[in-house]
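[1] Whatever this is, show me its structure:
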Amino acid sequence: MPFTPSPASLAGRRVLVPGGTGGVGEGVVSAFLDAGADVVVPTRSDERGTELRAALGHLGVSPLLHLPTHDYTSFIGADELGRQMTERLGGIDDVVVPVGGWWQGGPLTGIREDDWGAAFTGLATAHMALARAIVPRLSGLGAYTVVVGQSATFPVPGSGLVSMEQAALLMMQRVLAAETPDRRIHALVLGPVRTRFVDGEPEQVSAGEVGDVAIALSRAADVPSRAVPLGSSGEARALVTELTQTA
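    All right, here's what the predicted structure looks like:
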């Protein structure tokens with residue numbers, strides 16, 4: 001029998017999903033929209049927004065979906081995004097950040113400067129820009145959730161820049177949690193994910209299940225900041241059940 005998380009309305013919640021046009025992000029956006037939340041997905045091109053609307057089906061035409069064209073990858077851009085969202089929607093309750101990418105360019109001793117900029121500096125800067133701009137603006141109702149891969153926890157030869165950048169994000173989550181104890185700052189540590197772009201195996205976590213876990217963490221107000229491993233679909237389902245019972 002397909003797994004269906006307990007229905008819970010998030011009507012009135014204001015949710016920001018940078019990276020929401022990607023495979024994992026699409027699942028997060030769909031889950032929050034299906035729960036009734038207002039979801040803002042900044043895109044750097046109108047084409048990406050149009051593609052996301054089509055992929056979301058009936059949810060893609062929902063008035064709850066907002067697709068501003070905006071570059072949030074710099075400190076100035078992220079701060080402007082936070083200001084605009086606060087002004088237009090009145091605040092920010094939840095943030096899920098599935099911003100990332102993959103790089104397989106060989107050993108660290110052979111990387112070029114442009115590899116360093118694209119696979120480490122660029123992504124780390126985008127995450128830092130978003131965190132510094134958005135965390136202080138959070139209402140405290142929901143959570144700020146960073147999405148990273150399992151490569152953050154072990155070395156991947158030939159893809160070391162990815163492991164290094166993802167490990168940095170895990171430490172960023174820990175530092176933010178320590179510095180802002182009045183906010184819930186989570187990290188979802190993902191194994192391989194089934195998305196619209198990658199079929200994967202049935203036991204792997206799906207993009208929709210990542211969204212279900214993000215919603216469950218948002219609603220579980222008594223659950224403090226934590227890093228959550230999601231290595232399989234079974235782990236995701238069990239965690240949603242556990243968090244739903246505590247919410």
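[2] State the number of residues packed around the closest residue in space to residue 107 that isn't next to it in sequence.
    Spatial nearest neighbour of residue 107, chain neighbours left out: residue 158 (6.7 Å); criterion: Cβ to Cβ, 6 or more residues apart in numbering. Heads up, the C-betas are built off the backbone N, CA and C, glycines and all. Neighbour count of residue 158, defined by other Cβ atoms under 10 Å: 14.
[3] which SSE is residue 158 in?
    Secondary structure assignment for residue 158, by DSSP states H and E: no helix or strand.
[4] ditto for the one 5 residues further on
    Assigned by DSSP H and E, residue 163 belongs to helix 160-179.
[5] before we move on, back to that, from residue 183, how far out is the residue nearest to residue 107?
    37 Å (Cβ to Cβ, to the nearest Å).
[6] helices or strands next to the helix holding residue 163 in the packing?
    Helix 160-179 sits against helix 122-134, strand 144-149, strand 185-190, strand 227-230, with contacts defined as 3 or more Cβ pairs under 8 Å, 6 or more residues apart in numbering; DSSP states H and E.
[7] So which residues of the protein form helices?
    Secondary structure of the chain (DSSP state H): helices at 23-34, 46-55, 75-89, 113-116, 122-134, 160-179, 207-219, 233-246.
[8] residues of the second one that come out buried?
    The one in question is helix 46-55. 48-49, 52-53, 55 (16 or more other Cβ atoms under 10 Å).
[9] so what's the closest residue to residue 22 other than its chain neighbours up against?
    Among residues not flanking residue 22 along the chain, residue 98 sits closest, at 6.1 Å (Cβ to Cβ, 6+ apart). Residue 98 is in contact with 17-20, 22, 24-25, 28, 147, 210, counting by Cβ atoms under 8 Å, 6 or more residues apart in numbering.
[10] any idea how far residue 235 is from residue 242?
    For residue 235, the distance to residue 242 - Cβ to Cβ - is 10 Å.
[11] quick revisit: so which of the helices and strands packed on helix 160-179 gets nearest residue 221?
    The closest of the helices and strands packed on helix 160-179 to residue 221 is strand 185-190. By Cβ to Cβ, the value is 12.5 Å.
[12] That'll do, ta.
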